[in-house]
Structure formats: structure tokens, C-alpha cells
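# sequence isn't available, so here's the structure alone:
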């Protein structure tokens, strides 16, 4: 019986993670340039693009490094590491965007959030001060960067779980065929 060569993992994970991260950053920069950075619908567009790019790089990994077939576990592991690398890139970008490139962006986001809270009829006026105080704490650059990384890892893990289920391609054995 022939022994299968072990497929490389870290080099493709780094390459594909950088691709996914840079595509996400590029989309964010485009939204920023068109002053759509804080629009709610842009999150859905970014999600769709992330799903497509992640699926593309996972299929490329499966076909190029794994001979066209891969178990759910192998694909998920790769997707998870790609997600971590992408989250790190996104965190650095977020820090630079909110802290260096456009420090007023946090103020604009806070004002938008305050307007949404004030216009929400389900929130009683007695809660406004408490909500505004919590919001003030959450809009600090360090906290936003840390929360961005944590939420990025969680989001990318969920995305990896879902996309991996569609990208996996198991080898069919004779017992499964008959």
C-alpha cells in the first residue's frame, strides 16, 4: 500500500488567510471612500463577499494540495486558521482606520448609534443615560480593537463551520457506491 504524502498546511493557510483578509480590507476601503463605511447594509455585502472568497480559497486548497478530496475536519481546520489570520489582519486595519486614518470615525459611529437609540420607541427615556454611558466606554479604540478581534474570530469560526460543510468532498468507498 502506498503512503500518501502529507499535504502542506501552514504555507497555504497563511497565503489564503492573507487573501481573505486583504479582500475584506479592500471592500471596507471602497465603502469608506464612498462614505458608506457605517451603513448597515454594507455588512451584508461584506458577508457575502467573505463567503464567496472563503469558499474559493478552500476549493483551491482542496484541489491543489489535497488531490481534489478532503474531509470536513481538514477543510474546517484550514478555514479556521484562515479565519484567525484574516481576523488579525482585520484587527490591525481597524486599529489603523479608527486610530490613525480617521479618528473621528468613532465619534460619527457613536452619534449614529445615539440617534438610533433616541429614535427607538421601545427604549424608555429613563434608560438613555445608562445606555449612553455604556456606549461611551465601548467606543474606546482599545476596547473596539479587542472586541473586533474577538468578534472576528467568532464570526470566522461560524463561517468556517458552514462553508466547510459545502466545500468538503469525501472519497467514496466501494461500500458507499453499491
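Received, thanks. What you see is a predicted model, and the numbers here were worked out from it, not measured in a lab. Numbers count the residues shown, from 1 in each chain.

# quick check: residue 46 vs residue 72, distance?
Relative to residue 72, residue 46 is positioned 25 Å away (C-beta to C-beta, to the nearest Å). All C-beta spots, glycine's among them, are computed from the backbone N, C-alpha and C.

# where along the chain do the helices fall?
Ranges of helices within the chain are 10-33, 41-65, 72-96, 105-118, 128-138, 141-167, 174-177, based on DSSP state H.

# kindly reformat those as TSV containing mean pLDDT and mean neighbour count.
As requested, those are exported to TSV (pLDDT from 0 to 100; neighbours: other C-beta atoms under 10 Å):
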stretch	mean pLDDT	mean neighbour count
helix 10-33	96	17
helix 41-65	95	16
helix 72-96	96	20
helix 105-118	84	13
helix 128-138	81	11
helix 141-167	94	16
helix 174-177	57	6
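
# can you tell me the closest non-neighbouring residue to residue 39?
Distances taken as C-beta to C-beta, 6 or more residues apart in numbering place residue 31 nearest to residue 39, at 7.4 Å, with adjacent residues excluded.

# and the one you found, how far is that from residue 170?
To residue 170, residue 31 is 38 Å away according to C-beta to C-beta.
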